[in-house]
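> okay, here's the prediction I keep looking at, along with the sequence it came from:
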Amino acid sequence: MDLTFSPQETAFRDELRAWLAANAPAPEPSDGGEDAHYAWRRDWQRRLYDAGWAAPAWPTEYGGRGASLTESAIYFEEIGRARVPMAANVLGLLLGGPTLMVWGTPEQKERYLPPILSGEEIWCQGFSEPDAGSDLASLKTRAVKDGDDWVVTGQKVWTSGAQYSKWCMLVARSDSEAAKHKGLTYFLMDMEQDAVQVRPLRQITGEAEFNELFIEEARIPDANIVGGVGNGWKVALTTLMNERAGLGFALQIRLRQLLDDLIAKAAERGMLERYGDALAELHVRCESIRLLAWKGLTDVERYGQPGPEGSLVKWLWSDTNQRLTQLAVDIVGAEALTSGESWSYELLRARGNTIEGGTTEVLKNIIAERVLGLPRLKVAA
């Protein structure tokens, strides 16, 4: 694994770094609540889009820059390093768009990709259900054919950004007689219909980042099926592999920054010697995650798509972030337990890291079976 950038990659990094330095986003709003914060991120995506930086990894025919995999990794590292917000339509950019590029019809690509890129239409992901989180194939949301439409009824949960979304990447059971992995279909559901109700889930941080979806006979036309009827499992796997691979670089940079901030706070309070071993261990973990993220890139170059190793990056990142924010309580003191303070937010928000995007328990199984080649656990009857 050679991490030396080519002249072209260095030029790409320098161009992006210069643009970010010259085009800082507007100050984050201090009032207006979550709606104001989301509007701020949407405005930022529009600025990225106007400058050609919304999704540089997208092919040029779809509005991207045709960036290489290494340049795409550089992009996420620089976005993280500049401490600018993620684009508002991150699920559309990283999951919806790439999934359509693989499975979508020409008509679907023409219709949906441009407004994803510009942020005109926001996307969310309707996979998890109350009884089908990590075990996606056991979902119960049902789609029944009715003429040229499908009538969908069910419930989804942990749907990030649903309150702002126009489209939902929805997986539903279209054949109740088929094996559970084979009876699924991947739909694009219009969120702007009375049959779709969005109810926020208030988190320990005070935010309502996630939502429940209650779907009562929503109608989805045949034209909004992605990948064909009954092929939803394969299409969903494409979405999930991009989910765990796409954010790895931005997450590891963010983790590194938090650690640097904590080291600076320890130095300021004269605690470096006392907590030196714990901080050093976190440093090693951060470097390991960074190198694993780059290793995942070489796997994509070799095999053409993200592999299960992305699960390892997500697992280690979530565990390390929880350890880091817990250590911050000892070093920072009361500020880390005071409502409204940044360290308090980081501590509380980190609690969900080992659940969202695939629970740690499920990720360990993926790594054991698909990376290490260990046999599947057989439970005695």
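Perfect, I can see it now.

> and the helices in the stretch 101-250 of the chain?
106-118, 232-246, 248-268 (DSSP state H, counting those that start in this stretch).

> check which helices and strands the second one sits against.
Identification of packing neighbours for helix 232-246 by 3 or more C-beta pairs under 8 Å, 6 or more residues apart in numbering; DSSP states H and E yields helix 97-103, strand 167-173, strand 184-190, helix 309-332. C-beta here means a position set from N, CA and C on the backbone, and glycine is covered the same way.

> can you report how many residues lie near the closest residue to residue 368 other than its chain neighbours?
Spatial nearest neighbour of residue 368, chain neighbours left out: residue 374 (4.5 Å); criterion: C-beta to C-beta, 6 or more residues apart in numbering. Neighbour count of residue 374, defined by other C-beta atoms under 10 Å: 11.

> mind listing what the closest residue to residue 93 other than its chain neighbours touches?
Distances taken as C-beta to C-beta, 6+ apart put residue 55 closest to residue 93, at 4.9 Å, once the chain neighbours are dropped. By C-beta atoms under 8 Å, 6 or more residues apart in numbering, the contact list for residue 55 reads 63-64, 93, 97, 117.

> on the three-state scheme, residue 55 is what?
coil (DSSP: H, G, I helix; E, B strand; the rest coil).

> now residue 95
helix.

> make sure it is actually in contact with residue 161.
No. Taking contacts as C-beta atoms under 8 Å, residue 95 lies outside contact range of residue 161: 11.5 Å.

> so where's the longest helix in this structure?
helix 272-303 (DSSP state H).

> mind listing what's buried along it?
275, 278-279, 282, 285-286, 289-290, 292-294, 296-297, 299-300 (16 or more other C-beta atoms under 10 Å).

> would you turn the helices and strands packed on helix 232-246 into JSON lines with mean pLDDT, mean neighbour count and distance to residue 147?
Converted to JSON lines, the helices and strands packed on helix 232-246 look like this (pLDDT from 0 to 100; neighbours: other C-beta atoms under 10 Å; distance: least, C-beta to C-beta, whole Å):
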{"stretch": "helix 97-103", "mean pLDDT": "97", "mean neighbour count": "21", "distance to residue 147": "24"}
{"stretch": "strand 167-173", "mean pLDDT": "97", "mean neighbour count": "26", "distance to residue 147": "17"}
{"stretch": "strand 184-190", "mean pLDDT": "98", "mean neighbour count": "24", "distance to residue 147": "16"}
{"stretch": "helix 309-332", "mean pLDDT": "91", "mean neighbour count": "21", "distance to residue 147": "40"}
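
> possible to save these as CSV with distance to residue 341?
As requested, the helices and strands packed on helix 232-246 are exported to CSV (distance: least, C-beta to C-beta, whole Å):
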stretch, distance to residue 341
helix 97-103, 36
strand 167-173, 35
strand 184-190, 39
helix 309-332, 9
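
> between these, which gets nearest to residue 75?
helix 97-103 (14.3 Å; C-beta to C-beta).

> which elements pack onto the closest one?
So helix 97-103, by 3+ C-beta pairs under 8 Å, 6+ apart, packs with helix 106-118, strand 225-226, helix 232-246.

> chain center to the last one, what's the gap?
What that stands for is helix 232-246. 11 Å (C-alpha atoms, centre = their mean, to the nearest Å).

> where does the stretch 201-350 of the chain have low pLDDT?
Residues of the stretch 201-350 of the chain that meet the criterion pLDDT under 70 lie in 243-248, 304-309.

> check the stretch 1-150 of the chain too.
Applying pLDDT under 70 to the stretch 1-150 of the chain picks out residues 1-2, 133-134.

> any idea how far apart the tips of stretch 326-344 sit?
10 Å (C-alpha to C-alpha, to the nearest Å).

> measure residue 357 to residue 251 for me?
According to C-beta to C-beta, to the nearest Å, residue 357 stands 10 Å off from residue 251.
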